[in-house]
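Participant: build me a model:
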Amino acid sequence: MAREFAKAFYKSKQWQQCRRAYIAKRRLLDGGLCETCHQEPGYIVHHKIVLTPENIRDPEVALNHSNLAYECKTCHDLHEGHGVGWSRPLLCGFDGNGEPVDLRQL
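Facilitator: Purely as a prediction, here's the structure:
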């Protein structure tokens with residue numbers, strides 16, 4: 001969930017257009033796979049440089065495709081502070097064969 005200072009930004013027309021354009025770009029490039037694990041479909045557009053009250057109005061940070069990644073929920077939740085409801089991030093998952101994999105190494 002967005003932090004209080006960012007709620008208006010995530011509802012803004014500028015962010016919605018940027019997000020939509022980035023997802024369309026990723027779908028053209030690789031079908032919209034997660035940019036981290038390349039196994040699951042992307043689900044969340046993630047800011048690589050975390051948005052803060054100081055940089056949220058800077059379009060080079062907030063709206064720049066170079067600062068974005070399209071990630072599945074599992075990979076997104078591995079980022080510090082993004083795992084909603086988890087006391088510790090999930091560090092293990094399963095590959096297509098059902099074998100355990102260390103998600104920190106993806």
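Participant: is the residue nearest the centre of the chain bridged to anything, and to what?
Facilitator: Note on the chain: the residue nearest the mean C-alpha position is residue 46, at 2.6 Å, using C-alpha atoms, centre = their mean. Bridge pairing for residue 46 (DSSP bridges) gives the partners residue 69.
Participant: gap between it and residue 58?
Facilitator: Distance, residue 46 to residue 58, by C-beta to C-beta, to the nearest Å: 17 Å. (Glycine included, C-beta is placed from N, CA and C.)
Participant: output the below-cut-off pLDDT ranges for the chain.
Facilitator: Low-confidence segments of the chain (pLDDT under 70): 1-2, 80-92, 103-106.
Participant: all strands of it, in order?
Facilitator: Along the chain, the segments classed as strands by DSSP state E run 44-47, 68-71, 92-94, 100-102.
Participant: tell me the most buried of these?
Facilitator: strand 68-71 (a mean of 22; mean count of other C-beta atoms under 10 Å).
Participant: tell me which other helices or strands it touches.
Facilitator: Counting contacts by 3 or more C-beta pairs under 8 Å, 6 or more residues apart in numbering; DSSP states H and E, strand 68-71 packs against helix 13-30, strand 44-47.
Participant: that'll do, ta.
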